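K.L.:
Have a look at this prediction, sequence included:
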Amino acid sequence: MGNGAKAQQKRERNAKDGKVAKSQLKTNQKAMDIQCAICKSTFLKTTRAPQLTEHAANKHSKTLNDCFPGYEVA
């Protein structure tokens, strides 16, 4: 048996499992909870204060509270 036959057997075994790769895009889209009050840009809920402060300062020359009034630093 050559290496070609081994590869074919492996492909057949893997096809039997029927596992299909899942996309993370829809899940990430649902996790966009934080929204800038000025430009309406959305951010993942795991985004931390320094990144939001950087957005506020660079894009709008404002503070974190001006752009994200409901955001609480944990």
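P.N.:
Looks like it arrived, so ask away. Numbers count the residues shown, from 1 in each chain.
K.L.:
for this protein, what spans make up the helices?
P.N.:
3-17, 25-30, 49-55, 64-67 (DSSP state H).
K.L.:
closest one to S41 among the ones you listed?
P.N.:
helix 49-55 (7.1 Å; Cβ to Cβ). Quick note: C-beta positions are derived from backbone N, CA and C, even for glycine.
K.L.:
which residues does Q35 form a beta bridge with?
P.N.:
When bridges are assigned using DSSP bridges, the partners listed for Q35 are T42.
K.L.:
wait, what's in contact with it?
P.N.:
With contact taken as Cβ atoms under 8 Å, 6 or more residues apart in numbering, Q35 is in contact with S41, T42, F43, F68.
K.L.:
quick one: contacts for the residue nearest to the third one when sequence neighbours are not counted?
P.N.:
Excluding the flanking residues, the one nearest F43 by Cβ to Cβ, 6 or more residues apart in numbering is I34, at 4.2 Å. Under the criterion of Cβ under 8 Å, 6+ apart, the contact list for I34 reads T42, F43, L44, K45, T47, L52, F68, Y71.
K.L.:
Around the first one, count how many other residues there are.
P.N.:
By the measure other Cβ atoms under 10 Å, the count of residues near T42 is 14.
K.L.:
cool, the fourth one as well?
P.N.:
K45 has 10 neighbours, counted by other Cβ under 10 Å.
K.L.:
tell me the centre residue of the protein?
P.N.:
Nearest to the mean C-alpha position of the chain, by Cα atoms, centre = their mean, lies N28 at 4.3 Å.
K.L.:
coming back round to it: Q8: which of the contacts of I34 is nearest?
P.N.:
Distance to Q8 across these (Cβ to Cβ) is lowest for L44, with 41.9 Å.
K.L.:
Surely the closest one and Q29 touch.
P.N.:
No: contact between L44 and Q29 fails when scored by Cβ atoms under 8 Å: they sit 9.9 Å apart.
K.L.:
mind listing what the spatially closest residue to N28 that is not a sequence neighbour touches?
P.N.:
When the adjacent residues along the chain are set aside, N28 lies closest to L44, with 6.9 Å between them (Cβ to Cβ, 6+ apart). Under the criterion of Cβ under 8 Å, 6+ apart, the neighbours of L44 are N28, A31, M32, D33, I34.
K.L.:
Right, I'll call it a day here.
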